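J.: structure of the sequence below:
(one chain, ligands or ions: 1)
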Amino acid sequence: MSGTLFTKIINREIPADIVYEDDLSLAFKDINPQAPIHLLIIPKKPIATTNDMEEGDRELIGHLFLVASRLAAEMGFAEQGYRAVMNCNEHGGQTVYHIHLHLLAGKAMGWPPYTDKLKQA
Ligand code: AMP
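T.: Residues are numbered from 1 along each chain as shown. Coordinates of the predicted model:
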């Protein structure tokens, strides 16, 4: 099984700007940032979508949010705030089928987040 491009980033088969790594997860800069700070925090275990999470993944998913929180503190944007979000499948805007937590910061973000394209869908 070859996996997605995120598996290749985990295995150092393709380059990424990695900012954090531990036994369970990896965090790196998004190649097409949507905010001044845009990181992706991924589990090393390949899980295709949030629909595919299992009971046994409970701690792993919680770990991703704790990594986000720690990075926000270390990088100095915890107080001002940030958005941490996972997209799922087509209507969620998912394009890489290895779950990832987007960590966006550095500017005030709007809500709701959907675009006209999805409003019309
Ligand atoms: P999503 O649309 O939620 O699946 O998010 C996938 C994200 O991966 C997008 O924000 C892309 O910009 C990002 N991305 C795609 N390829 C790479 C890459 N090689 N390195 C870093 N980020 C990437």
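J.: ok but A35 is inside a strand, no?
T.: No - assigned with DSSP: H, G, I helix; E, B strand; the rest coil, A35 falls outside any strand and is coil.
J.: pLDDT score for the closest residue to it other than its chain neighbours?
T.: Leaving out its chain neighbours, the residue that sits closest to A35 by Cβ to Cβ, 6 or more residues apart in numbering is L104, at 4.1 Å. Where C-beta positions appear, they are placed from N, C-alpha and C, glycine not excepted. Note for L104: predicted pLDDT of 98.
J.: please apply the same query to P15.
T.: 98.
J.: got a list of what it touches?
T.: Residues near P15 by Cβ atoms under 8 Å, 6 or more residues apart in numbering: I9.
J.: check the gap between it and the ligand for me.
T.: The gap separating P15 from the ligand is 8 Å, by Cβ to the nearest ligand atom, to the nearest Å.
J.: these two touch, right, the residue nearest to A35 and I37?
T.: Yes - when contacts are counted by Cβ atoms under 8 Å, L104 is listed as touching I37 (6.9 Å).
J.: shared neighbours, those two?
T.: Common neighbours of L104 and I37 (Cβ under 8 Å, 6+ apart) are Y82.
J.: if we can go back for a sec, who does the helix or strand hosting the residue nearest to A35 pair up with?
T.: Counting by DSSP states H and E, the secondary-structure element that holds L104 is strand 101-105. The pairing partners recorded for strand 101-105 under DSSP bridges are strand 37-43 (antiparallel), strand 82-85 (antiparallel).
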